[in-house]
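Engineer: Sequence and predicted model, in that order:
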Amino acid sequence: MTSTAPTTNLARYLGRELLEPLHLVTYMSDEPNRAMEAIGFDSANYWPLYFAGRAAPLGRVPAAVVDAIFYNFAPGMADEFYTGVWDITTPSEALAAREAGCVAALRRILGPLADSPAIARAADLALRLALSAPVEGRPLYAGLRSIAVPSEPLARLWHAATLLREHRGDGHNAALVAAGIDGQEAHVFAALDGGMKPREYGRLDPLTDAELETVVSRLRDRGLVDSSDGFTAAGRELKDRIEAQTDAAAAPAYASLTSEERDQLIADLQPLAARIDSVGY
């Protein structure tokens, strides 16, 4: 990846391949769950601590608001698992626990890289990207923008990666809405894009077979999924268009650095992403 690449390609490469792995410790490592357990959650019951940690930047909003902003959860999940989380803890405590757990996970995974000069350098550049992104129409990103930026370099880098991940996610949801693809249909699209059948995709597990068939049938009726539960040509084109629109919506943030700064950020992030890829979460 060079500095002459289009900004939309940079948004996908930097955002998804280099920064998102740093954010994904939030959901794929044990340390964040244990940190949430320490403030009162049951780590064996994943979804309440997930909803509390991710929704905490929004404050004490109703479950319906969380469901709308998160967009792609099965009907009733937010009401079931988010309702009551603020009887266990506060949003500020959830934010602090989540951050501490994620930084601990990154320290374990990255080893000596966690204290390298590249971390502070990448944190400053990534944070500049993250704070230059447009806020309009991006509610979860806006919530994250309202909380204090950590001072410790690895925490700052995780925070920047999380800001950019949720900014991209808000933009992706807007593209899905514009395309008339609801949250469960989006999961079907993701499954097919990954070479899976819909039933194999974990985020569709809450749906019964009948409910899942209803979702897939809607896509078949629109000519987007074929009888073998694969993309039609129209479905493939729509999925690609949604991803291109997501890249375009994310792109403004990535135009805020000079070409030299972007190259430096890429050079600093590549060993981190490679380390995560080699050892897992």
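Structural biologist: Great, that's in hand.

Engineer: Might you report the residue contacts of the spatially closest residue to Asp182 that is not a sequence neighbour?
Structural biologist: Leaving aside its sequence neighbours, Asp182 sits nearest to Leu176 (C-beta to C-beta, 6 or more residues apart in numbering; 7.6 Å). (Each C-beta comes from the backbone N, C-alpha and C, glycine too.) By C-beta atoms under 8 Å, 6 or more residues apart in numbering, the contact set of Leu176 is Tyr71, Asp182, Gly183, Ala186, Ile242.

Engineer: what's the second one sitting at in phi/psi?
Structural biologist: In this case it means Asp182. phi -80, psi 180 (degrees, to the nearest 10).

Engineer: ok, it to Thr83 distance?
Structural biologist: Note on Asp182: its distance to Thr83, by C-beta to C-beta, to the nearest Å, is 22 Å.

Engineer: ditto for the fourth one
Structural biologist: Between Ala186 and Thr83 the distance is 24 Å, computed by C-beta to C-beta.

Engineer: Looking at the two, which is more packed in?
Structural biologist: Using other C-beta atoms under 10 Å as the criterion, Ala186 and Thr83 rank with Ala186 on top: 20 against 14.

Engineer: Does that one belong to a helix, a strand or coil?
Structural biologist: The three-state label for Ala186, taken from DSSP: H, G, I helix; E, B strand; the rest coil, comes out as helix.

Engineer: Quick check, pLDDT for it.
Structural biologist: Ala186 carries a pLDDT value of 97.

Engineer: just Leu212 next, same as before
Structural biologist: For Leu212, pLDDT reads 96.

Engineer: low-confidence ranges in the protein?
Structural biologist: For the chain, residues meeting the criterion pLDDT under 70 lie at 1-8.

Engineer: which helix of it spans the most residues?
Structural biologist: In terms of residue count, the longest helix belonging to the chain (DSSP state H) is helix 153-179.

Engineer: And that helix, how far out from the chain middle?
Structural biologist: Averaging C-alpha positions (C-alpha atoms, centre = their mean, to the nearest Å) puts helix 153-179 6 Å from its chain's average.

Engineer: Find the centremost residue of the protein, please.
Structural biologist: Arg165 (4.6 Å; C-alpha atoms, centre = their mean).

Engineer: any idea what sits nearest it, other than its immediate chain neighbours?
Structural biologist: Residue nearest to Arg165 in three dimensions, not counting chain neighbours: His23, with 4.4 Å by C-beta to C-beta, 6+ apart.

Engineer: next one: Tyr46
Structural biologist: Nearest to Tyr46 is Asn33, by C-beta to C-beta, 6+ apart, at 7.1 Å.

Engineer: repeat for Ala11
Structural biologist: Leaving out its chain neighbours, the residue that sits closest to Ala11 by C-beta to C-beta, 6+ apart is Ala250, at 4.1 Å.

Engineer: how many neighbours does that neighbour have?
Structural biologist: 26.

Engineer: Spit out the contact partners of it.
Structural biologist: Ala250 sits next to Thr8, Ala11, Arg12, Gly15, Ala133, Leu164, His167, Arg168, Gly171 when contact means C-beta under 8 Å, 6+ apart.

Engineer: ok, back up a step: I figured the residue nearest to the centre of the chain hits Tyr27, correct?
Structural biologist: No. Contact criterion C-beta atoms under 8 Å: Arg165 and Tyr27 do not qualify, at 10.6 Å.
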